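Undergrad: I need the structure of the sequence given here:
(2 chains)
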Amino acid sequence: MKTTTTTHSPQQTAATHTAWINGQPFEIQPGETILDFVRRHKGAQLIPTLCDAPNLEPFGSCRVCSVEVGKSGNGMQLKTVASCHTPVEAGMTIFTESEKVQKLRRNIVELILTDHPLDCLTCEVNGNCELQDVAARVGIRSVRYPQGQTHSQCEKDTSHPYMRADLSKCIMCYRCVRACDEVQGQFVLGVKGRGFDSTIIMGLDSNFLESDCVSCGACVQACPTSAIHDVYQSKAWLGQDKVRTTCTYCGVGCQLEVQVKENEILSITAPYDAEVNQGHTCLKGRYAFTFYKHPDRLKYPLIRRGDTFERVSWEEAYDYIADKLLSIREQYGPDAIAGISSARTTNEENYLMQKMIRAVIGTNNIDGCARVCHSPTAIGMQRTFGTGAATNSIDDLNYTECILVIGANPTAAHPVTGAKIKQKAMKGTPLIVVDPRRTELAKYATHHLQLRPGTNVALLDMMLYYIISEGLVDEDFVRSRTEGWEAFRDGILSLDIEALERVTGVSREEVRVAARTYGSARAAMSFHGLGVTEHYQGTYAVMQIADLAMITGNVGRRGTGVNPLRGQNNVQGMADMGVQPYQGAGYLPVEVPEVIHQFERFYGRPMPKKSGYTIPKMYDAALAGKLKAMWITGEDVVQSDPNSERVIAALKKLDLLVVQEIFPTETSKLAHVILPAAAFLEKEGTFTNGERRIQRVQKVVDPPGEAKPDGQIYVEMMNRLGYPQPSYSAKGVLEEISQIVPFFAGVKWDELGPNGKQWPVKPDGTDTKVLHQESFKRGKGQLVFTNFIETKEIAVHHHDYPFILTTNRNLEHYNAGTMTRRTPNRELAREDVLLINPVDAATHGIRTGDLVELESPRGKVYIHARLSDEVQPGILSTTFHFPEILLNRITSDVHDEIADCPEYKVVAVRIRKIATTEVAQA
Amino acid sequence: MSKNITSLSGRKGLEENLFEKIGQIAESEGYLTKSAAHQLAQDYLLGDAPVYGAGTFYDFTRPENKGKKVFVCNGSACLCAGTQDVVRQKLLHHFTPEEIGQITCLGRCHENYAYHYQGHNYSGQVGLHLLDELPQPQDRAIDTYAVAALGQAILTTADYTLDRARALVQKLITIPAQRLRDELQVARLRGRGGAGFPIGIKLEACAQAEGDPKFVVCNADEGDPGSYSDRYLLEHRPYKLLLGMMIAARAAGASRGVVYIRYEYPESVETIQQAISTMEKAGLLGSDILGSGFHFSIKPIKARGSYICGEETALLASIEGQRPEVRVRPPYPVQYGLFGKPTVVNNVETLANLPWIFEHGGTAFAAIGTDKSSGTKLLSVDSAFRRPGVYEVPMGTPLRTLVDELGQGFRKKIKALHIGGPLGGLVPTTMIDKLTIDFESFAKNGFLLGHASVVSIPESHPMIAYIEHLFAFTAHESCGKCFPCRIGSVRGKELLEKAQKNGYKIDRELFEDLLMTLKEGSLCALGGGMPLPVYNALQYFEDELAAYFR
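TA: Below you'll find the predicted structure:
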């Protein structure tokens, strides 16, 4: 045989890139399956499927996607293959509708129907059932088999507040099992038995409630029938409207598809085309929405009359507030007034709130909850990089070779991102977790550096030391992109590693190996959370994380960077919009004369010249009698800020406290005026997620009673105070924002599309996945050396209060629980509990369920204990979701030195057992 | 198949192997208990469901196994020999019906009456007599059967002594891997497990694949009822196998080996364990073998009762502690195999050929047999032959030679030979003269050489019952993943059961549709292959079967 020539004629080139679908030639792409190829060219409908799902790997179980293929190499002999897992090849001829294939599909579906109840008309998914569609498609007219063995007797599972199973309807496509594994990574679902006898199981063949189910609903969404469904019948076809919006629950920013009918929300699912969440979301996003119609919703403006609140009209409320504000400003000046904006409200609303406080009231006393969470991140990253936002995108997990998670528990607080990190770790991407707790991710980590709470700076210094001493520094990057190297290096190399080892409680060898893992990866990315920021040295720790990235060259590329996991849904946007006492919209510094002039020109009003109060300083000022009025939107500061008694005392001293909320809260109890606001499902605007992605929020239902969108309230109030702000629309305000915030220059409501845009958005509309690619925002990256200093909380109180309490979040509840406590999530987590190591528990005679008195220098709370090796001896951990406990009564007054962020993560406490519960006795 | 479980199980790998732990718990508790499954799930960072679910899969780890004390073979050969009712009757003197379980083929097809008791196999008249009382641990009934070869013998010649093994290893470590692979390509050795895939291509692909470590896995899960030629090699030629694995490892760049041996062959497990430990002690296995820098260790793993584990992807999932469900290919095991690493999977007989090829050269091997089927083939023949046993013949040998000369003809009237296991063809005796023993001849005539076991179907055995047995076997062994096999095997069994009662006649079109669905639609060779003998039966035994169809 002669060898063929190596030059390609046009025909040959076409032949190497072409396959035929039912006789028509199409171009193939490398690596795609026949199913991908056919769908790409002929749409999703041509080949029926059952076990295939958009976010799952090819599985090849149902075989209804079978096609006939011929290959030029074998004389075009036809072969039947499953298209979902057979790679397409050049020269292949694919027949999707041959007689044989149609017969095969019909025969398979007939077999399925021999073991499937034919009660379609009364089935929840009637009209929205993939099996029904495929059966109709292949044309089943009868089931010819005699009655045989079936699964019709399977018991229904109704154990769980959300999840339901009726496995008599199961077709054993494993989509639920695979979703639980490949998407969430929880392994709750499995299969028992084999062959025909195999059935889906939850946990140890129990039920959803008893299993380790995290209620993410991925299995429900994956199930092609109603074998696994939910209480909201999210797969029922009711001809309902669908509205796409952005989740309110965390900085991940999941896209949600809300099914609505006659102003009532039926259910929520996750769209597969969402770039952020790809068809996935968590139990908060998917199921915890019923708060919107909870009877506790605030529906009318209220004014305090003595000890009670009286319903008033909006006019009366506005008049009351305007009179008070104007007279306070008259008497004490504008700086006697302050506002706290809400990270749960939209960009447009945050922008308006800060504009109202600055341009209409005339003070920079505007702050938001970022103060008590990621303010150290904003400052730390601004000082090192120039931009206080995540450098990269969550999608960069697909490019990274090492993941460093510091002080964050994303599987609980950012579940979709947490699941993605867990997926990577399970499949072998090295994961380093720095956390005092053995979090879910720590279990899967290659290195878990379980340090004492409050010693991040010491531990990061150790890591930096080993990066340098082990020769892992990216010298090119350091030379060309950074400044301050020599002093930084000298500082690091002069550290006393032995002392740091003692301080952190982590062996130097463990740190060295972890540092090597991070430093030798071709691309390493870090994530950090409030376990970094909510400390005395929080801002410094953020700068050290930036140092780590810079000296190893891990900035400005895919799969690298410093990525704060922003807590609340729009906490990034809130800061972007200027809700900070020292920076206006677009982070423009408020004390710089040119900036003042720019704002004055833009707003048409004189601007305040000095930075305002941070939130903790507001309380100080109120207690000192200098601050007279506060307007607090969407933030239950009494429950969520530290040292609650002091917060209460401060608020009580005010002459005017306006609370704008969707529910009564611990804070609203102290208000003079309560304004009812619309929840996220009831208004439009944009949220910016933790990867700088500006996404649209769309109105799904009307607000209850007379409640109004926050933005509309601000606009009406601004006009009432004499400022001509045009009537409220999200689109209009966004346009105003794009004229003043430089990195919003190209943001237009109509161009945001289904997946938003990541800022900076250039005037031409192009957005940005990775920051600092060529240079840093501030020019060169600043390396900052920091020495560890023990927090006063420990230095002063450790002797009398020997335990360290660290606070965190659980999966089921969100922040102060205002919303989630008013959903069935409460059935999944009913109270805050104290995690205590079994060794400590034994010393104090404490068993799971016992009531424990937890006392700090600020006060006492009473809480039930749960024994757990998630915390080490000497360390305690709990959440602050429930006002019944009001855990922040005992948290401390220590704040981050630079950003004023409270140190929630280190509280000196002592414990005493109060009572043995009956549960524990049993 | 879960990539996550593959990876998480791989963290503990072969050293603290999840599947072995599941098996050990079942050995002491009778099955994998829920509490033990939960503990394993914690230890391996898995959920409860996949671990517990894996335990419920295997015959000897599932909850139904609890309380079973003795197991009666229900393999095709024992079925056709009609010996098992006697065994069961005798057992009922000692056990309640609930205590008597079933076991599918102990490989005692040459003398039948097979059962499994307290970890040992018994068969034949000796085994039957032991049931007058009950076998005691010292009553080890090692069976004997004829072994013979026609022409050049490769597999049935004497096994390696330790000295000869050392000499082979000494030579092996001096030969570059590429040369080994070239030699094997020249030999054109094709896999003996049934599919007949050339081993040279596999080794080359594994050598080129990225990943570390690489594995050589020996599929010693000879599950085809009626076959016992691998058992012969495992128990009587263990060094040929182990040296063959070492040659494959050297050629593929692998450092770890596994012999996955079926539960039903306890004697094989023991022999291989001993042989491995002998070689380890002699420094012929382990790290830095004979100071060469070549590392290769072999771990024997005892299976737990599942035919599907003979399918390579299911076998790998099994070792990982997953449910042994067949997975889609690509990726092939040579790219993504055990614990996600490049892996060569071959059966016992294939690997046992390698030492001969290594010593005599690929050309010498290729000279044996036919052009497309080189080398020899082992066949195991059942007790219907006058001289049951394991025979080695050059590929291309007439089937008649095996039947008449080696097997010395039948003791009773036989209407068909089921050759190549349950998925092999049903060869009517009238076709014996048309076939030669090689892949091509069988395929061309509408049969399958497969693993080349021979089960004889007596005249007296109703063909309808035999094909029902095949459906029942498939239904019992189907992993349950693909729809055609999971549901189709049961529906086929139900139709055939019904047809043998109260005059029900099977709709012929429906039956044809079912066979077509299994054949064309199944994910693996179990569902895809089981229609072949049924088609053969319908073709050659139409007269006998017509009454059951309409």
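Undergrad: Show me which residues of the stretch 301-450 of chain B sit near chain A.
TA: B:306, B:323, B:327, B:328, B:329, B:330, B:340 (C-beta under 8 Å from any C-beta of the partner chain). Placement of C-beta: from N, CA and C, glycine included.
Undergrad: Helix, strand or coil: sort out residue B:511 for me.
TA: With DSSP: H, G, I helix; E, B strand; the rest coil as the basis, residue B:511 sits in helix.
Undergrad: Show me just the buried residues among the residues of the stretch 301-450 of chain B next to chain A.
TA: Among these, those scoring as buried are B:306, B:323, B:327, B:328, B:329, B:340 (criterion: 16 or more other C-beta atoms under 10 Å in any protein chain shown).
Undergrad: and whichever residue of the stretch 251-400 of chain B sits closest to chain A, what element?
TA: Distances between the stretch 251-400 of chain B and chain A by C-beta to the nearest C-beta are smallest at residue B:328, namely 3.8 Å. Counting by DSSP states H and E, no helix or strand carries residue B:328.
Undergrad: Report the contact partners of it.
TA: A:58, A:59, A:60, A:82, A:84, A:85, B:523 (C-beta atoms under 8 Å, 6 or more residues apart in numbering or on different chains).
Undergrad: And residue B:209, by the same measure?
TA: B:334, B:335, B:342.
Undergrad: Run through the stretch 151-300 of chain B and note the low-pLDDT ranges.
TA: By pLDDT under 70, the stretch 151-300 of chain B contains no weakly predicted segment.
Undergrad: so how many other residues sit close to the closest residue to chain B within the stretch 701-850 of chain A?
TA: When scored by C-beta to the nearest C-beta, the stretch 701-850 of chain A has residue A:838 as its residue closest to chain B, at 15.6 Å. Here the number of neighbours of residue A:838 (other C-beta atoms under 10 Å in any protein chain shown) works out to 15.
Undergrad: What is the burial count for the nearest residue to it once chain neighbours are set aside?
TA: Distances taken as C-beta to C-beta, 6 or more residues apart in numbering or on different chains place residue A:867 nearest to residue A:838, at 4.8 Å, with adjacent residues excluded. Around residue A:867 there are 20 other residues, counting by other C-beta under 10 Å.
Undergrad: what do you get for residue A:574?
TA: Residue A:574: 31 surrounding residues under other C-beta under 10 Å.
Undergrad: quick one: secondary structure of it?
TA: Residue A:574 ends up helix, using three-state DSSP.
Undergrad: likewise the one 4 residues further on?
TA: The local conformation at residue A:578, judged by three-state DSSP, is coil.
Undergrad: Hmm, it is touching residue A:352, no?
TA: No. Under the criterion of C-beta atoms under 8 Å, residue A:578 makes no contact with residue A:352, lying 10.5 Å away.
Undergrad: if you go through the stretch 751-900 of chain A in chain order, where are the strands?
TA: Ranges of strands in the stretch 751-900 of chain A, per DSSP state E, counting those that start in this stretch, are A:757-758, A:781-782, A:803-808, A:833-836, A:851-856, A:859-867, A:875-879.
Undergrad: Okay, now the sheet partners of the longest one, with direction.
TA: Strands flanking strand A:859-867 in the sheet, each with its direction: strand A:833-836 (parallel), strand A:851-856 (antiparallel) (DSSP bridges).
Undergrad: most tightly surrounded among the ones you listed?
TA: The highest average neighbour count among these, using mean count of other C-beta atoms under 10 Å in any protein chain shown, belongs to strand A:833-836 at a mean of 24.
Undergrad: Quick one: mean pLDDT over it.
TA: Rounded to a whole number, the mean pLDDT of strand A:833-836 is 97.
Undergrad: Residue A:891 and residue A:645 touch, don't they?
TA: No. The pair residue A:891 and residue A:645 fails to qualify as a contact (C-beta under 8 Å) at a distance of 10.8 Å.
Undergrad: higher neighbour count, the two?
TA: A count of neighbours by other C-beta under 10 Å puts residue A:891 above the other of residue A:891 and residue A:645, at 27 against 14.
Undergrad: which residue packs closest to that one, ignoring adjacent ones?
TA: residue A:642 (3.7 Å).
Undergrad: Same check on residue A:731?
TA: Counting by C-beta to C-beta, 6+ apart, the residue nearest residue A:731 is residue A:749, at 4.0 Å.
Undergrad: Now for the residue of the stretch 701-850 of chain A closest to chain B: which residues touch it?
TA: A:867, A:868, A:869.
Undergrad: What is the nearest of those to chain B?
TA: Set against chain B, the nearest of these by C-beta to the nearest C-beta is residue A:869 (11.2 Å).
Undergrad: Please tell me how far that closest one sits from residue A:411.
TA: 17 Å (C-beta to C-beta, to the nearest Å).
Undergrad: So if I had to pick from the two, which one is more boxed in?
TA: Shown here are residue A:869 and residue A:411; by other C-beta under 10 Å, residue A:411 has more neighbours (24 against 11).
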